[in-house]
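K.L.:
Using only what follows, build the 3D model:
(chains A, B, C and D)
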Number of protein chains: 2
Amino acid sequence: MARHKAFDEDRALDLAVDCFWHRGYEGTSVRDLAESMGIGSASLYNAYGDKRALFTRSLERYANRSMRERIARLEANHQSKEAIVAFIAEIIDRSVKDPDRKGCLLVNSALDVAPHDREIGKVVGRYLGEIRAFFHRNLTAARRAGRLPKRLDLEETSDHLLGVLLGIRVLARTGARRKLLEGVAQPALDLLETRQ
Amino acid sequence: MARHKAFDEDRALDLAVDCFWHRGYEGTSVRDLAESMGIGSASLYNAYGDKRALFTRSLERYANRSMRERIARLEANHQSKEAIVAFIAEIIDRSVKDPDRKGCLLVNSALDVAPHDREIGKVVGRYLGEIRAFFHRNLTAARRAGRLPKRLDLEETSDHLLGVLLGIRVLARTGARRKLLEGVAQPALDLLETRQ
DNA sequence: ACTTATTTGGAACGAACGCTACAAAATAGA
DNA sequence: TCTATTTTGTAGCGTTCGTTCCAAATAAGT
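P.N.:
Alright, predicted model coming up:
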């Protein structure tokens, strides 16, 4: 009854993610997006709404494919404490190996667009909350398994791990060396060991 | 022999800092700047060069009046270890009390503009290095005074404190509560005490 | 084949962007 | 008072912004 789309909507969305990731929300124009996605602006507006709507869909796509995928994979393949250690290690490794130093789209957005857009700010806050929940969930499991220092405050440690992660992401974007990022992380990881 | 400026160049620069701080580099237009500074665009270009030059001067002004002032004041009024604790406490306090949640201009710039401008990126990196140097300098003094745990690695701890500070700044910009920010900071501060 | 519904490329909209041109206004030395 | 030099307000330069319009193209049901 009607013409079909000539492009894969999800694949194009991935390309939009790359755009926003590289240049930020303000720094990315609709023309940039359309060209990178390989479609015309009419198709873009028809499929995704306006620039802001495309951005929130890009954020969601990124969260699902990057953050949630990582959390699910690490929790499937590692025990609680090791999942946390592997999470931090993977972030550092990917950060220093990324030649573009893009950092994390969620963190970049937290500083860039969240303060000027209450709704997007809430969304970003929820995603960061999911990362904290990952830490807290695995800390709780590790505590139940008797693998954490007795006096460790799990709420406080969850906050701390989240903060350390964000600090790493910021420093990574400025081009910091691996040694610095590992220095940021190490004391936080030491908290999880009984004998430091 | 020539007409005088009708505005205070430093005072106008402070107003430019507020502009960039509120809305970021890309989000601030030259018209925004001129209006906030209370001058015409001709005066702006005559006094500061172009938008980018005004931004680097704003960064420098911010670093001098905010970061360096704080470091100098705390080092003058506190002993080494207490200067570090007071630094973190002051950042948290100012963060939660700022109704605009502007965070730190240097950190915002580190994520926003530094990745797209090599020269500004280096400048921002140097400023962050000064903060790390503040931590390292006072850790060294505290060590000499025998007021730090014997096994504490000062390089690693300096990195860690810097990362924690940046994490706090990011979370503050998203509107985090005081309890979360203090949770991020507390384990880092505990590192400095022999009996935790 | 005709109708109906959707997508597509391309042109163009008004608004905002960074920046500049220019002449009037203001100062101080001659 | 005249000259030289700088600052100021204003208007507007060319470009790019997000977005929309529209006719041609494409599909499926009748």
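
K.L.:
Near DNA strand D, which residues of chain A are found?
P.N.:
Counting by Cβ under 7 Å from any atom of the strand, the residues of chain A close to DNA strand D are A:1-4, A:28-32, A:41-42, A:45, A:50-52. Where you see a C-beta, it was placed from the backbone N, CA and C, and this is true even at glycine.

K.L.:
Give me the buried subset of these.
P.N.:
Buried by 16 or more other Cβ atoms under 10 Å in any protein chain shown: A:28, A:51, out of the residues of chain A next to DNA strand D.

K.L.:
So which of the residues of chain A next to DNA strand D is the closest to chain B?
P.N.:
residue A:28 (10.2 Å; Cβ to the nearest Cβ).

K.L.:
quick one, phi psi at the closest one?
P.N.:
Main-chain dihedrals, residue A:28, degrees, to the nearest 10: phi -100, psi 120.

K.L.:
tell me, which helix in chain A spans the most residues?
P.N.:
Longest helix in chain A, counting residues (DSSP state H): helix A:118-144.

K.L.:
Now do it, average pLDDT.
P.N.:
Helix A:118-144 comes out with an average pLDDT of 97.

K.L.:
How about stretch A:48-55?
P.N.:
98.

K.L.:
Equivalent analysis for stretch A:19-31, please.
P.N.:
Averaged across stretch A:19-31, pLDDT comes to 96.

K.L.:
about what we covered before: what's downstream of the longest helix of chain A, the next helix or strand?
P.N.:
Sequence order places helix A:154-173 as the next helix or strand after helix A:118-144, per DSSP states H and E.

K.L.:
What residues of stretch A:132-151 count as buried?
P.N.:
Buried, per 16+ other Cβ under 10 Å, within stretch A:132-151: A:132, A:134, A:135, A:136, A:137, A:138, A:139, A:141, A:142, A:143, A:147, A:148.

K.L.:
can you pull the pLDDT of residue A:112?
P.N.:
88.

K.L.:
hang on, isn't it packed against residue B:112?
P.N.:
Yes: Residue A:112 lies in contact with residue B:112 (Cβ atoms under 8 Å); the separation is 6.0 Å.

K.L.:
Need the overlap of contacts for these two.
P.N.:
A:24, B:24 (Cβ atoms under 8 Å, 6 or more residues apart in numbering or on different chains).

K.L.:
need the buried residues of stretch A:132-151 in CSV with distance to chain B, can you?
P.N.:
Compiled in CSV, the buried residues of stretch A:132-151 are given as follows (distance: Cβ to the nearest Cβ, whole Å):
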residue, distance to chain B
A:132, 9
A:134, 16
A:135, 11
A:136, 11
A:137, 16
A:138, 17
A:139, 12
A:141, 20
A:142, 16
A:143, 16
A:147, 18
A:148, 13
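
K.L.:
Can you give me every residue that contacts residue A:163?
P.N.:
By Cβ under 8 Å, 6+ apart, the contact set of residue A:163 is B:163, B:164, B:167, B:168, B:171, B:181, B:183, B:184, B:185.

K.L.:
Filter the residues of chain A next to DNA strand D down to just the ones in helices.
P.N.:
A:30, A:31, A:32, A:41, A:42, A:45, A:51, A:52.

K.L.:
List the contacts of the first one.
P.N.:
For residue A:30, the contacting residues are A:41, A:44, A:51, by Cβ under 8 Å, 6+ apart.

K.L.:
For it, give its distance to residue B:54.
P.N.:
Going from residue A:30 to residue B:54 by Cβ to Cβ, to the nearest Å gives 28 Å.

K.L.:
next one: residue A:100
P.N.:
Distance from residue A:100 to residue B:54, by Cβ to Cβ: 28 Å.

K.L.:
ok, now residue A:189?
P.N.:
Distance of residue A:189 to residue B:54, given as Cβ to Cβ: 42 Å.

K.L.:
just residue A:108 next, same as before
P.N.:
Distance, residue A:108 to residue B:54, by Cβ to Cβ: 24 Å.

K.L.:
Repeat that for residue A:110.
P.N.:
Distance check for residue A:110 against residue B:54: by Cβ to Cβ, it reads 26 Å.

K.L.:
what's the answer for residue A:169, then?
P.N.:
Residue A:169 is 28 Å from residue B:54, by Cβ to Cβ.

K.L.:
Residue A:134 now?
P.N.:
The value you get for residue A:134 to residue B:54, if Cβ to Cβ is used, is 42 Å.

K.L.:
What pLDDT does the model give the residue sitting furthest away from the middle of chain A?
P.N.:
Centroid-distance maximum for chain A: residue A:1 at 40.7 Å, with Cα atoms, centre = their mean. pLDDT, residue A:1: 72.

K.L.:
repeat for the one 4 residues further on
P.N.:
What the model reports as pLDDT for residue A:5 is 94.

K.L.:
Once you drop chain neighbours, what's closest to it?
P.N.:
Once flanking residues are discounted, residue A:5 sits nearest to residue A:47: 7.2 Å by Cβ to Cβ, 6 or more residues apart in numbering or on different chains.

K.L.:
what do you get for residue A:184?
P.N.:
Leaving aside its sequence neighbours, residue A:184 sits nearest to residue B:163 (Cβ to Cβ, 6+ apart; 3.1 Å).

K.L.:
So the one you found versus residue B:90, what's the distance?
P.N.:
Taking Cβ to Cβ, one finds residue B:163 at 18 Å from residue B:90.

K.L.:
Name the SS class of residue A:100, please.
P.N.:
Following DSSP: H, G, I helix; E, B strand; the rest coil, the label given to residue A:100 is coil.

K.L.:
All good on my end, thank you.
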